[in-house]
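Student: Pasting the sequence and the predicted model now:
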Amino acid sequence: MRPYSVERGGSRCYDPTEMSECRSLYVHVPFCRSKCAYCDFNSYARQEHLIPAYVDALLREATLWAESRAVGRVETLYFGGGTPSLLPIAETRRLLDGLRQRFDVATGAEVTMEANPESVDAGRLHTLRRMGVNRLSLGVQSFDDAELRFLGRIHDAERAEEAYRAARSAGFASVSIDLIFGLPGQMVAQWRRSLEKAVALGPDHLSLYALTLEEDTPLARRVAAGECAEPDPDVQAEMYTLSSERLAQASCEQYEISNWAKPGHRCRHNLAYWHSEPYLGLGAGAHSYLNGYRLANERAPGRYIELVAAGRGARPWGPTTAPHVESVEQPDAEREMSDAVILGLRLTEGVSMAALGHRFGVDLGERYGREIDELEALGLLESVDGWIRLTEHGRRLGNEAFQRFLP
Ligand code: SF4
């Protein structure tokens, strides 16, 4: 039975003892050496002086949750950012050891760290590997130096290749590469060259993202000022199709709209999101999804540190929610079901109508019959053996399909 609802700072609370099915832990590290031109993530340059206090705050927040019994055995631990690989090794060790003391991290847990090429070298990677990080996600973005400069990245293509090779030498058996395609003015041939360089390195996993213009970023301002063109969606679609075909030849299976993996290398942590499983997020701006509640932390690192310290002895639940938790929402069942369908449709395998229907006590075929028929008629969706999934065409127009499932 679902516990009663929470109001931020109000008097109602939920019972965390009902939340022990959470197996995924996300830790947000919001520091970057400099801010990229296109980035609207919760990340900050020139704030590294906050790192020791930030790690203290993360561990304090972890203590609150560990005491709440909200988290079961941790099967996936993901350090995202920002640039988690920017943390000094001593702080990374303190953080990892502290998390292991507070949570039951499974022996075979997937432990991912996002890293930028300029922030890792052979020594650091060996140490991270020895500390139990077993999956590295490298933010390469492009293997073209001019494109990297345009994006405001501070590494070059050679440094990216070095970082990849150093990760392999350090013993990382699972390495992912992130690339961005569809830059203003980028030709399909240029994208193909970056993709080919990535394929030649032989990563176990690739995440490919079409460049989007985010408000209030230097790149959006340059486009608004007419200094460069907008990304062209038709060219991006062509690049996406090319990527799907090329990666299939390279034995990388597409398992999500933006993600490809060799067998056995799908990102288990991100699969938990797409399967709408619970997760706990620690850190500035981190989100959690626990027992049907969505929580979001204060975004600014300095303020987050202050609020976690001010809430010493508080609980992440209770008559008053801990002050670093900025919002707590309980989506209604309709919204939760819609979120689960939309997230599940991101996966190539799609959504099992029976499993999701059982979870929500609803006949999904009846509930979404009209939407499914319309999307099938448009060639965006297909129903196969009780599953619904996006077609190849649908994967290129995901948002058009998703909005039909909004409540
Ligand atoms: S490194 Fe990543 S998080 Fe940091 S500014 Fe660049 S894109 Fe944003």
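Tutor: That came through, no problem. Numbers count the residues shown, from 1 in each chain.
Student: Any chance of the backbone angles for residue 216?
Tutor: Residue 216 has phi and psi values of phi 60, psi 30 when expressed as degrees, to the nearest 10.
Student: Hmm, residue 40 and it touching each other?
Tutor: Yes - in this structure, residue 216 sits in contact with residue 40. The criterion is Cβ atoms under 8 Å, and the distance is 6.9 Å. Heads up, the C-betas are built off the backbone N, CA and C, glycines and all.
Student: Skipping its backbone neighbours, what lies nearest residue 295 in space?
Tutor: In space, and not counting its chain neighbours, residue 295 is closest to residue 288: 4.4 Å by Cβ to Cβ, 6 or more residues apart in numbering.
Student: and what of residue 186?
Tutor: Ranked by Cβ to Cβ, 6+ apart and with sequence neighbours excluded, the top spatial neighbour of residue 186 is residue 147, at 6.8 Å.
Student: name the element the one you found belongs to?
Tutor: Mapping residue 147 onto the secondary structure by DSSP states H and E places it in helix 145-151.
Student: which stretches of the stretch 51-200 of the chain form helices?
Tutor: Using DSSP state H, counting those that start in this stretch, the helices of the stretch 51-200 of the chain run over residues 51-68, 89-102, 122-130, 145-151, 157-169, 188-201.
Student: between the longest one and helix 89-102, how big is the angle?
Tutor: So the one you mean is helix 51-68. For helix 51-68 and helix 89-102, the angle between their directions (axes from the mean of the first three to the mean of the last three Cα atoms, to 10 degrees) works out to 10 degrees.
Student: returning to that earlier point: assumed the residue nearest to residue 295 was part of a strand.
Tutor: Yes - Residue 288: assigned to a strand according to DSSP: H, G, I helix; E, B strand; the rest coil.
Student: Can I get the helices of the stretch 51-200 of the chain in TSV including mean pLDDT and mean neighbour count?
Tutor: Shown next, in TSV, are these (pLDDT from 0 to 100; neighbours: other Cβ atoms under 10 Å):
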stretch	mean pLDDT	mean neighbour count
helix 51-68	94	20
helix 89-102	98	17
helix 122-130	98	17
helix 145-151	98	17
helix 157-169	98	18
helix 188-201	98	17
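Student: Just send those helices back as TSV, with distance to residue 338 too.
Tutor: Putting the helices of the stretch 51-200 of the chain into TSV (distance: least, Cβ to Cβ, whole Å) gives the following:
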stretch	distance to residue 338
helix 51-68	27
helix 89-102	33
helix 122-130	39
helix 145-151	34
helix 157-169	39
helix 188-201	34
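Student: okay, the ones you listed in CSV with distance to the ligand next?
Tutor: Supplementary listing: those in CSV, determined by distance: least, Cβ to the nearest ligand atom, whole Å:
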stretch, distance to the ligand
helix 51-68, 15
helix 89-102, 17
helix 122-130, 16
helix 145-151, 8
helix 157-169, 13
helix 188-201, 16
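Student: among the ones you listed, which is nearest residue 181?
Tutor: helix 188-201 (4.9 Å; Cβ to Cβ).
Student: So between residue 216 and residue 40, which is more surrounded?
Tutor: Each of residue 216 and residue 40 had its neighbours counted (other Cβ atoms under 10 Å), and the higher figure belongs to residue 40 (15 against 7).
Student: For the more buried one, give its distance to residue 214.
Tutor: Taking Cβ to Cβ, to the nearest Å as the measure, residue 40 and residue 214 are separated by 4 Å.
Student: What of residue 42?
Tutor: Summarising the geometry, the distance separating residue 42 from residue 214, computed by Cβ to Cβ, is 12 Å.
Student: ok, these two, which is more surrounded?
Tutor: A count of neighbours by other Cβ under 10 Å puts residue 42 above the other of residue 42 and residue 214, at 18 against 12.
Student: residue contacts, that one?
Tutor: Taking Cβ atoms under 8 Å, 6 or more residues apart in numbering, we find residue 42 in contact with 28, 30, 82, 284, 285, 299.
Student: excluding its backbone neighbours, what's nearest the first one?
Tutor: When the adjacent residues along the chain are set aside, residue 28 lies closest to residue 283, with 3.4 Å between them (Cβ to Cβ, 6+ apart).
Student: what about that neighbour, distance to residue 30?
Tutor: In this structure, residue 283 lies at 7 Å from residue 30, with Cβ to Cβ as the measure.
Student: More neighbours: which of these two?
Tutor: Set side by side, residue 283 and residue 30 show unequal neighbour counts under other Cβ under 10 Å, the larger going to residue 283 at 29 against 24.
Student: excluding its backbone neighbours, what's nearest the closest residue to the ligand within the stretch 301-407 of the chain?
Tutor: Shortest the stretch 301-407 of the chain-to-the ligand distance, computed as Cβ to the nearest ligand atom: residue-wise this is residue 301, at 13.0 Å. The shortest distance from residue 301 to any residue that is not its chain neighbour, by Cβ to Cβ, 6+ apart, is 4.5 Å, and that residue is residue 284.
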